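Enquirer: sequence and predicted structure below; questions after.
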Amino acid sequence: MYFCSMIEDKNQKKTSLEELGEFGLIEHLTKSFESKQESTLKAIGDDAAVLDLKDKKTILSTDLLIEGVHFDLSYMPLKHLGYKAIMVNLSDIYAMNAIPTQITVSVAVSNRFPLEALEELYAGIELATKTYNVDLVGGDTTSSKTGLLISVTAVGVANEADITYRNGAKPNDLLVVTGDIGGAYMGLQVLEREKEVYKVNPNSQPDLEPYSYIIERQLKPEARKDIVELLEKLEVKPTSMIDISDGLSSEVLHLCKQSQVGCDLYEDKIPLDPTVISSCEEFGIDSTLVALSGGEDYELLFTVDQEDFDKIKGNPNLTVIGHMTDKSLGANMVTRSGSKIGLTAQGWNSFGA
């Protein structure tokens, strides 16, 4: 881990983007990308990409990441940023129970970024495309007066019968979450703390080994491709699904609102990694609050019919954390003491102060 980005490395070779121009820059950054999807007929190099998706339904998702709002380059390596930018979008495709196939990437950069910085960014993007078997088929580059902006659009495919929306949950459906929750937020807390220490003493070298799991959850999250494949293997079709980007409580409320149901979420069932628990104790933060409101975990939250319980029980990737109820009962968390409190959306808000 380091607390000064490569764009400020005085010994780093810096090639001005003006030397290449827009089209030369795109060609340079994408020359090593290879198309592997049969549906990619034409990728980069023309006015538009050409895709042949045949009889599948097309899924689209897009996200915009802005320096100073969504990421801090003082501790976010550019290669990690490129990788994470793709994960953010692929997670949305998986949340539809679909398979991502192509992406487009557009970037706006200020003149403080040399070519070598963008090469690092695109190295992360390329690693993500290879790991998740998606093709980069287009994008745009332009200048910016406010730092770095990244816009990614993901294309996915699915059979119509397999697509899962947010509005299909029914009373008595089980509420299920993948993986564990809260790690990304606590990783951010550690990074922010060490950033402040670095400002005071630039020579200090933090020992981040005890926090490696939660820091990776923040800097290099993984989209849950494996869950879509697992559910297909188990012959389980979720009744509703969403990815956890804004905090568990916000996502539960989205499912409740879209499906017109209530829910009982059990506090003692929320899966927490031991590192999350210990770091919450260290920072004096309630671990349940972190799980409910932290965000950026990019796990999947979904509902299944109770008849599918035997298919998913005991699976280490899946945890049943509650069940859906009648809309009139509202969305509640059942605390460890057995009392019920109403769930509120306190997750990430792009337009918050």
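Expert: Nice, I can see it.
Enquirer: can you count the residues close to Asp72?
Expert: Neighbour count for Asp72, taken as other C-beta atoms under 10 Å: 16. Where you see a C-beta, it was placed from the backbone N, CA and C, and this is true even at glycine.
Enquirer: pLDDT score assigned to the closest residue to it other than its chain neighbours?
Expert: Nearest non-adjacent residue to Asp72, counting by C-beta to C-beta, 6 or more residues apart in numbering: Lys195, 7.4 Å away. As predicted, Lys195 sits at a pLDDT of 91.
Enquirer: hang on, Lys195 packs against Leu73?
Expert: No - the pair Lys195 and Leu73 does not pass the contact test of C-beta atoms under 8 Å, sitting 11.0 Å apart.
Enquirer: more neighbours: which of these two?
Expert: Ranked by neighbour count (other C-beta under 10 Å), Lys195 and Leu73 place Leu73 first, with 19 against 14.
Enquirer: rewinding a little: any idea which helix or strand carries the residue nearest to Asp72?
Expert: Assigned by DSSP states H and E, Lys195 belongs to helix 183-200.
Enquirer: immediately after that helix, which helix or strand?
Expert: helix 212-219.
Enquirer: residues touching the helix or strand following that following helix, excluding its own?
Expert: Later in the chain than helix 212-219, the nearest helix or strand by DSSP H and E is helix 225-234. Residues outside helix 225-234 that contact it (C-beta atoms under 8 Å, 6 or more residues apart in numbering) are 90, 94, 97-99, 132, 162, 178, 237-238, 300, 308, 311-312, 315, 317.
Enquirer: sitting in helices, which of the residues you listed do you find?
Expert: 90, 94, 132, 311-312 (DSSP state H).
Enquirer: now pLDDT, distance to Val155 and neighbour count too, for these, in CSV please.
Expert: CSV is the format used below for the ones in helices among the contacts of helix 225-234 (pLDDT from 0 to 100; distance: C-beta to C-beta, whole Å; neighbours: other C-beta atoms under 10 Å):
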residue, pLDDT, distance to Val155, neighbour count
Leu90, 97, 11, 27
Tyr94, 97, 13, 28
Tyr132, 98, 13, 20
Lys311, 97, 30, 15
Ile312, 97, 29, 18
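Enquirer: let me know the closest of those residues to Leu255.
Expert: Tyr94 (15.8 Å; C-beta to C-beta).
Enquirer: that closest one: what's it in contact with?
Expert: Counting by C-beta under 8 Å, 6+ apart, Tyr94 has contacts 100, 223-225, 227-228, 243, 300.
Enquirer: dump these to TSV, plus distance to Val69.
Expert: Output for those, formatted as TSV (distance: C-beta to C-beta, whole Å):
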residue	distance to Val69
Pro100	24
Ala223	21
Arg224	25
Lys225	27
Ile227	29
Val228	29
Asp243	20
Leu300	25
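Enquirer: any idea which element His254 lies in?
Expert: helix 248-259.
Enquirer: now do the next helix or strand after that helix: everything it contacts.
Expert: Following helix 248-259 in sequence order, the next helix or strand is strand 262-266 (DSSP H and E). With contact meaning C-beta under 8 Å, 6+ apart, strand 262-266 is reached by 171, 175, 248-249, 252, 255-256, 321-334, 340, 343.
Enquirer: try 6 Å
Expert: 252, 256, 321-327, 329-334 (C-beta atoms under 6 Å, 6 or more residues apart in numbering).
Enquirer: ok, the contacts of helix 225-234 vs Gly124, which is closest?
Expert: Once C-beta to C-beta is applied, the member of the contacts of helix 225-234 that ends up nearest Gly124 is Tyr132, at 12.5 Å.
Enquirer: that closest one and Pro202, how far apart?
Expert: Tyr132 sits 37 Å away from Pro202, taking C-beta to C-beta, to the nearest Å as the criterion.
Enquirer: now the nearest residue to Gly187 once chain neighbours are set aside: how far from Gly147?
Expert: Spatial nearest neighbour of Gly187, chain neighbours left out: Gln218 (3.3 Å); criterion: C-beta to C-beta, 6+ apart. Gln218 sits 19 Å away from Gly147, going by C-beta to C-beta.
Enquirer: what about those two, which has more around it?
Expert: Neighbour tally, Gln218 and Gly147, criterion other C-beta under 10 Å: the higher count belongs to Gln218, 24 against 16.
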